[in-house]
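> Structure for this input, please:
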Amino acid sequence: MLHGRLMSFKVGGGEVRTYVTAFGPDGSHAFPREEAVGLIPTPGSIILDRTFAKEAGLSRGEFLEYNDHRFKVAEIRHVGNILVTQFAFVHPRDFRKVFGIPETANFFLVALEPGVEASDDLVGRIEAKVENSAAYSTDDFASRASDKGTGDFLPIIRVIMVISFIVGLSVLSLTIYTATVQRAREYAVLKVLGATPVRLYRTVISQSSIIAMLGFGGGVALAFGFNSVAEDVVPQFITYIRWRDVAVVLGVAAAMSFIACYLPVNHVARVDPASVFRALPV
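As a prediction, the model looks like this:
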């Protein structure tokens, strides 16, 4: 079984809230994964998430109080941070004793025999066996939990990303267009010397790509640097940079560099070679 409930503890005269979880009805059940066993502390103790412990000012060996019950902090490590709250783990006997619900559980964990896959047919059989229940595979359950936790603010993040793309494209286009206009005479000289339009376009595109890649490299470096200190400054802040996301951003930067070339390329195409022989303005 898997018990879970949002709880408020007394710490140093104040209150802190965390989502308390307990595995197994009595702690004697075997689990197929060692990390699950490692989340069952001894009775009277509690395992805290590092973010929650830092926010609450708790360290190993200190106590949290809930009514007449005291829990000693046994371990502090990354066990779950979902921005609005963090997870903590207690012994199942303590959970039942605190809440007085010996026959109630939020979830049941089903372990499959080796070689058995979590198919839709198996999920349906479990739901049919346990009346008024809903069964999910591990991936499906994780996906639903993620959607529920991020569904409210992800649309806002997407809007911000679109705005960021538009702003970045505008800045890159303006930078490349300005650099191209300032070197209009140089492009005219290249035309006089016999440079083909393809050669000129390639020069503009190369310039755009270099600027975009320099900006991309600087942005990635700043992102990793910010990520390394953000959690220390704001414990609830959650960041996880995946290399495939970096690759996607690289593709977006490349697309921006090509789009940003549109106006400069048109300007180069209209450069008059005769302007080379005109007197420079005073």
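> The residue positioned nearest the centre of the chain: what secondary structure?
Central residue of the chain (Cα atoms, centre = their mean): Tyr240, 4.5 Å from the mean position. Following DSSP: H, G, I helix; E, B strand; the rest coil, we place Tyr240 in the coil state.
> quick one: it from Ala223, how far?
Relative to Ala223, Tyr240 is positioned 11 Å away (Cβ to Cβ, to the nearest Å). The C-beta positions use only the backbone N, C-alpha and C, and glycine is treated the same way.
> try Pro264
Distance from Pro264 to Ala223, by Cβ to Cβ: 28 Å.
> what about these two, which has more around it?
More crowded of Pro264 and Ala223, by other Cβ atoms under 10 Å: Pro264, with 25 against 15.
> my guess is the more buried one contacts Ser206, does it?
No. Using Cβ atoms under 8 Å, Pro264 is not in contact with Ser206; the gap is 11.5 Å.
> how many neighbours does Leu58 have?
Using other Cβ under 10 Å: Leu58 sits among 20 other residues.
> Now it: which helix or strand?
For Leu58, there is no enclosing helix or strand under DSSP states H and E.
> Quick check: nearest residue in space to it, chain neighbours excluded?
Once flanking residues are discounted, Leu58 sits nearest to Val73: 5.7 Å by Cβ to Cβ, 6 or more residues apart in numbering.
> tell me what whatever helix or strand the one you found lives in is packed against?
For Val73, the host element (DSSP H and E) is strand 69-77. Packed against strand 69-77 by the contact rule (3 or more Cβ pairs under 8 Å, 6 or more residues apart in numbering; DSSP states H and E) you find strand 45-49, helix 50-56, strand 63-66, helix 92-99.
> who's in contact with it?
For strand 69-77, the surrounding residues in contact (Cβ atoms under 8 Å, 6 or more residues apart in numbering) are 9, 41-42, 44-50, 53, 58-65, 90, 94, 97-98.
> Mind putting the helices and strands packed on strand 69-77 into JSON lines with mean pLDDT?
As requested, those are exported to JSON lines (pLDDT from 0 to 100):
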{"stretch": "strand 45-49", "mean pLDDT": "91"}
{"stretch": "helix 50-56", "mean pLDDT": "84"}
{"stretch": "strand 63-66", "mean pLDDT": "88"}
{"stretch": "helix 92-99", "mean pLDDT": "82"}
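> just those: most buried one?
Of all those, strand 45-49 has the most neighbours on average by mean count of other Cβ atoms under 10 Å, namely a mean of 23.
> what angle do that one and helix 92-99 make?
Between strand 45-49 and helix 92-99, the angle comes out at 90 degrees (axes from the mean of the first three to the mean of the last three Cα atoms, to 10 degrees).
> can you give me the offset of strand 45-49 from its chain's centre?
Distance, stretch centre to chain centre, for strand 45-49: 24 Å (Cα atoms, centre = their mean, to the nearest Å).
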